[in-house]
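1. output the structure for:
(chains A and B)
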Protein chains: 2
Amino acid sequence: MVDKNRRWLLAQRPSGIVGPEHFELVVDAVPSIADGEFLVRNRWLSCDPAQRTYMEFDSYIPAVQIGELMVGASVGEVVESKHPDFQVGDVVSGAFGWQEYAVSDGSPFGGLIPPVTVPDGVDAPTALSLFGITGLTAYIGLIDVARVKAGDTVVVSGALGAVGSVVCQIAKLKGCRVVGIAGGPRKCDLLRAELGVNEAIDYKNDDVDARLGETCPDGIDVFFDNVGGEILDAALAHIAVGARIALCGSVSGYSESQGRSPITNAFNLTLQRATMTGFLVFDHLDRAPEATADLATWAAQGQIKNQIDVVEGLENAPTALRRLFTGENVGKQLVRLAD
Amino acid sequence: MVDKNRRWLLAQRPSGIVGPEHFELVVDAVPSIADGEFLVRNRWLSCDPAQRTYMEFDSYIPAVQIGELMVGASVGEVVESKHPDFQVGDVVSGAFGWQEYAVSDGSPFGGLIPPVTVPDGVDAPTALSLFGITGLTAYIGLIDVARVKAGDTVVVSGALGAVGSVVCQIAKLKGCRVVGIAGGPRKCDLLRAELGVNEAIDYKNDDVDARLGETCPDGIDVFFDNVGGEILDAALAHIAVGARIALCGSVSGYSESQGRSPITNAFNLTLQRATMTGFLVFDHLDRAPEATADLATWAAQGQIKNQIDVVEGLENAPTALRRLFTGENVGKQLVRLAD
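-> So this is what the prediction gives:
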């Protein structure tokens, strides 16, 4: 066991695209634990767009303060324990932050969810993506918020991102026609080949408005939005009567210091008697058992694949996070820590 | 009985504020009726913001064509009948259009709702406002769409309009704190004195954003929007967690040929897990019996007043309609036809 703990602290609040310049890597001693606590050796970090907001302002959790540990979800191994529910050798998932070693008393850290033991047979990447908050977000947003049904035309933005890739696959297995929006020909090829979408729109090279018109001639029944801004506005121009829009995130705007791209087609919500709902997965944790069971069944049946994108090394965590905002990641962005 | 029928036809599609220049008054013979039809002498015309959209584009009803009769709801008297369900002397409400005499076979006209007999004891202005589509719109939007509950902070735009004035009063009797937005000090005085709102915001003279912050320190739980545009955007900046926004109309934008004022605060829907829903009262006509019964009870108890604004004479119908878009009307805008 090494005797040092490398930790990423927030150095400055970002404006524009987040990157290494907003963090400071410090080396501390490995912390000791008290009664009722356990020590986790982090193995995998989860990179999530919401982390960009945690760095900037108070939301459903308080903003990370300058000089504080960067928050984030991770999976690690219990290496020492004075806690009755967590044993040495347990693999645990929790909000242990961007550090090699974390002390936990089992309570939520940073306002996020409390640590849980990862079941046998579930690998860490799957625990952090398909069976974690990512999969639950896709499930809740599409099934509970957007009330998807067979025959719907479903459009997904950020379709090859962590959540989007799961949404596309659930929509397909629910009997929907799926149109995915992603950046670049390679991603569009992957959308068709790996996720089986009916149509792919390349927002970097296509006229999104025109392509939505072509690919959704009867209008959009469900729009699952991960990006906001211009793409949300284009989708609003093509909604069908009774459309449901699930607002999961707005990654296009997180880096815009000049404010977000405005929405000009909001009146279509009135004309089409449509609904647009923002949701936060943490409000729906009571749905996790059913969601995880369904996702596990679909995965076992080969109806849904776990898309992951791995960056190696804690030292590259800021670079990995940046990938979410430059469109480099394909599927869930993870950081694997060195042994 | 006179032997002429004056009728307003659509002369040109409006851009900008609607007015007399968009209509042509023609004089035809009073039509004769066939078996299964009845003849209505119109007495009161209803002016509704949606009529502006009917003049311009297809929506839930086809656009009025150039040279066609202007559509609209009205109340009249049956003066001749070969229809089993309508007798001479009956007072009927229906979409009889902007004319002195209308022939009906009892079916919906212009895609709107079919004619119904006005119950004894209900006067025509009330049949067209509180107990008509206006009252039902307020009821459905506030109770079904926005799911209002006691203790909510409810903000209403167009608060002294036909629908808005009913919304303010229902929200008050449901135990809400009500903030009304209207144009000018006189309207704000009326909001407080006549409708009993807790706070009134004068969008013509106040800083709406700042005043919403002052009057809704814990955020807006329900926003009932009749105007869209800048006021909708300001409200979005102040929504509470779990807010419900009911989009009833967007009167601020109906006259804008350059497009609507953009929305910059849509991301707040995500941050606040809020929902924004457009609705159309005609989708909810099954709720009319319960709504009308409740509205009648509240009216009888003096908890809700019918606000009307009357212009005299069919010849002034275009001018009356224009008042909706210049903010001149107080409550439901009606046109009373000469005897």
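2. which element is the nearest residue to A:I143 once chain neighbours are set aside on?
-> In space, and not counting its chain neighbours, A:I143 is closest to A:I170: 7.3 Å by C-beta to C-beta, 6 or more residues apart in numbering or on different chains. To be clear about C-beta, it is placed using only N, CA and C from the backbone, and glycine gets the same treatment. Secondary structure from DSSP states H and E places A:I170 in helix A:162-173.
3. now the helices: where do they sit in the stretch 151-300 of chain A?
-> Using DSSP state H, counting those that start in this stretch, the helices of the stretch 151-300 of chain A run over A:162-173, A:185-195, A:208-215, A:229-236, A:267-271, A:288-300.
4. buried ones in the longest one, by neighbour count?
-> Read it as helix A:288-300. Across helix A:288-300, burial judged by 16 or more other C-beta atoms under 10 Å in any protein chain shown covers A:288, A:291-292, A:294-296, A:298-299.
5. and stretch A:228-237, by the same measure?
-> By neighbour count with 16+ other C-beta under 10 Å, stretch A:228-237 contains the buried residues A:228-236.
6. how about stretch A:92-101?
-> Under the neighbour-count criterion of 16+ other C-beta under 10 Å, stretch A:92-101 has A:92-101 buried.
7. just give me how far that stretch sits from the chain centre.
-> On the basis of C-alpha atoms, centre = their mean, to the nearest Å, stretch A:92-101 sits 17 Å off its chain's mean C-alpha point.
8. distance between the ends of that stretch?
-> Taking C-alpha to C-alpha, to the nearest Å, stretch A:92-101 runs 13 Å from one end to the other.
9. ok, A:D207 - how many residues close by?
-> 12 (other C-beta atoms under 10 Å in any protein chain shown).
10. so what's the residue nearest to A:A182 when sequence neighbours are not counted up against?
-> If the residues on either side of it in the chain are set aside, A:A182 comes closest to A:L160, at 4.5 Å by C-beta to C-beta, 6+ apart. Applying C-beta atoms under 8 Å, 6 or more residues apart in numbering or on different chains, we find A:L160 in contact with A:180, A:182, A:187, A:190-191, A:195, A:307, A:330-331.
11. what's the neighbour count on A:Y254?
-> Residues lying near A:Y254 (other C-beta under 10 Å) number 24.
12. ok, A:I304 - contacts?
-> Contacts here follow C-beta under 8 Å, 6+ apart; on that basis A:I304 touches A:130, A:166, A:169-170, A:173, A:295, A:298.
13. nearest to chain B, of those?
-> Sorting the contacts of A:I304 by how near they are to chain B, with C-beta to the nearest C-beta, puts A:V166 at the top with 18.2 Å.
14. these two touch, right, the closest one and A:G135?
-> Yes - assessed by C-beta atoms under 8 Å, A:V166 is found in contact with A:G135 at 5.5 Å.
15. list residues touching both of the two?
-> Taking C-beta under 8 Å, 6+ apart as the contact rule, A:V166 and A:G135 both touch A:129, A:295.
16. related to what we said a few turns ago, out of the buried residues of helix A:288-300, which comes closest to A:V122?
-> Distances from A:V122 to those, taken as C-beta to C-beta, are shortest for A:A296 (8.6 Å).
17. not counting its neighbours along the chain, what's nearest the closest one?
-> A:F131 (6.8 Å).
18. just give me the neighbour total for the one you found.
-> For A:F131, the neighbour count with other C-beta under 10 Å is 24.
19. any idea how far it lies from A:N306?
-> 9 Å (C-beta to C-beta, to the nearest Å).
20. got it, and A:Y101?
-> For A:Y101 relative to A:N306 (C-beta to C-beta), the value is 27 Å.
21. coming back round to it: show me which of the buried residues of helix A:288-300 is closest to B:S15.
-> Distance ranking of the buried residues of helix A:288-300 against B:S15, using C-beta to C-beta, places A:A291 first at 49.7 Å.
22. which non-adjacent residue is nearest that closest one?
-> With C-beta to C-beta, 6+ apart as the criterion, A:A291 has its nearest non-adjacent residue at 4.1 Å, and that residue is A:Y139.
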